[in-house]
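A.B. asks: Provided below are the primary sequence and the corresponding predicted coordinates.
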Amino acid sequence: MLEVAPGLHWVRMPIPIPGLDFINLWAIEDGAGWTLVDTGLRSRAIQDHWETIFANRFGGRPVTRVICTHFHPDHLGQAGWLCRRWNVPLWMTLGEWSFGRMLALDAVETVPEEVIGFYRQHGIGEDLLEKFRARGFNNFAKGVTEIPRAFRRICDGERIEIGGRAFRVIVARGHAPEHACLYGEDLGVLISGDQILPRITPHIGVYPGEPEANPLAQYLDSLPLFEGLPENTLVLPSHGDPFRGLHARLAQLAHHHDHRLLALLAACGEGVTARELLPVLFRRELDDRSIFMALGEALAHLHLLECSGKLTRTRGSDGMIRFRRSARSEAAA
């Protein structure tokens with residue numbers, strides 16, 4: 001634990017995700033107890049780390065509340081265990097709690113055929129689909145402890161008092177359905193979760209549960225929500241180190257996606273599948289697991305271009321969906 005602002009402590013926990021390796025969690029002194037923001041991935045080792053912190057760093061004060069920014073397992077994974085361990089409520093937005101509960105309860109051993117069909121139509125080959133089948137359809141459930149059946153809903157604009165200081169909820173979209181960030185004006189800090197990261201861009205993808213989604217448009221529309229915060233705000237991200245320079249980082253994130261959109265648009269002249277476009281977005285070699293996340297990210301960009309009228313999609317006799325530049329886009333070029 002490291003105190004980064006009065007009463008607000010930075011906790012770093014390991015996660016087995018290549019390129020990330022750890023997640024930042026936050027423990028906030030809250031009167032007679034502690035509020036935790038995000039919880040870490042489900043594992044016995046992380047539970048042991050928490051127990052060490054409870055015994056040695058919390059001064060005999062209990063956890064009184066758990067807040068999760070969004071439903072992803074490295075954030076929500078230990079929430080159920082912590083809430084039961086301390087008999088305390090889970091605070092989340094409705095979209096994040098319900099999506100997490102749904103995914104955990106939807107786990108099955110066999111991958112549904114409609115999920116296989118989603119990836120097949122976008123160009124994933126049968127050999128890779130067989131490996132995908134072998135992994136089953138319960139990876140999310142494996143990454144979380146049992147998510148509480150009841151929760152306390154938090155909403156955009158709500159002010160949550162923690163330790164006598166107000167934290168304003170800013171709900172942003174794109175990376176997750178209703179990602180909650182917490183802005184503490186008195187402390188000059190923004191707990192940004194995955195929405196604003198210092199070195200990498202948050203993953204924004206389209207998946208079989210919402211195959212026509214346009215999450216990148218939602219993400220880009222969310223960036224201006226933070227422009228009214230002071231430039232010297234201390235941003236506390238979930239991955240990477242805390243940083244200042246919020247406005248510059250917001251501009252970098254928008255520019256990054258503009259660059260990728262232009263690159264994809266240029267590559268769609270003759271009609272191509274999302275799978276064929278992955279080398280345009282990713283220069284590194286993709287392994288059998290990361291290719292599915294990469295495809296989701298490609299589709300997020302393609303759907304934004306399609307919804308803005310710059311691309312059209314067709315389905316061939318082989319069942320494949322291909323994207324090509326629209327007549328309007330060609331004329332503009």
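C.D. replies: Structure received. Everything numeric in this text was worked out from a predicted model, so none of it was measured.

A.B. asks: contacts, neighbours, all on C-alpha from now
C.D. replies: Fine.

A.B. asks: List the buried residues in stretch 61-68.
C.D. replies: 63-68 (16 or more other Cα atoms under 10 Å).

A.B. asks: Quick check: residue 211 is in a strand.
C.D. replies: No. Going by DSSP: H, G, I helix; E, B strand; the rest coil, the assignment for residue 211 is coil, not a strand.

A.B. asks: mind listing what it touches?
C.D. replies: Residue 211 makes contact with residue 118, according to Cα atoms under 8 Å, 6 or more residues apart in numbering.

A.B. asks: any idea how far residue 62 is from it?
C.D. replies: Counting by Cα to Cα, to the nearest Å, the gap from residue 211 to residue 62 is 43 Å.

A.B. asks: and residue 207, helix, strand or coil?
C.D. replies: coil.

A.B. asks: Measure how buried it is and give me the count.
C.D. replies: The tally of other residues near residue 207 (other Cα atoms under 10 Å) stands at 19.

A.B. asks: And for residue 94?
C.D. replies: 18.

A.B. asks: which ones are touching the residue nearest to it when sequence neighbours are not counted?
C.D. replies: The shortest distance from residue 94 to any residue other than its chain neighbours is 5.8 Å, reached at residue 153 (Cα to Cα, 6 or more residues apart in numbering). The contact partners of residue 153, taken as Cα under 8 Å, 6+ apart, are 91-94.

A.B. asks: how about the helices of this structure, start to end?
C.D. replies: In order along the chain, the chain carries the following helices (DSSP state H): 44-56, 73-76, 79-86, 94-105, 113-121, 126-134, 139-142, 215-222, 246-267, 278-281, 290-307, 327-332.

A.B. asks: one step back: ok, so of the buried residues of stretch 61-68, who is nearest residue 133?
C.D. replies: Among the buried residues of stretch 61-68, residue 68 lies closest to residue 133 (Cα to Cα), at 30.6 Å.

A.B. asks: got a list of what the closest residue to the closest one other than its chain neighbours touches?
C.D. replies: Nearest non-adjacent residue to residue 68, counting by Cα to Cα, 6+ apart: residue 38, 4.6 Å away. Residues counted as contacts of residue 38 (Cα under 8 Å, 6+ apart) are 25-26, 66-69, 75-76, 79.

A.B. asks: mind checking pLDDT for residue 38?
C.D. replies: Predicted confidence (pLDDT) for residue 38: 98.
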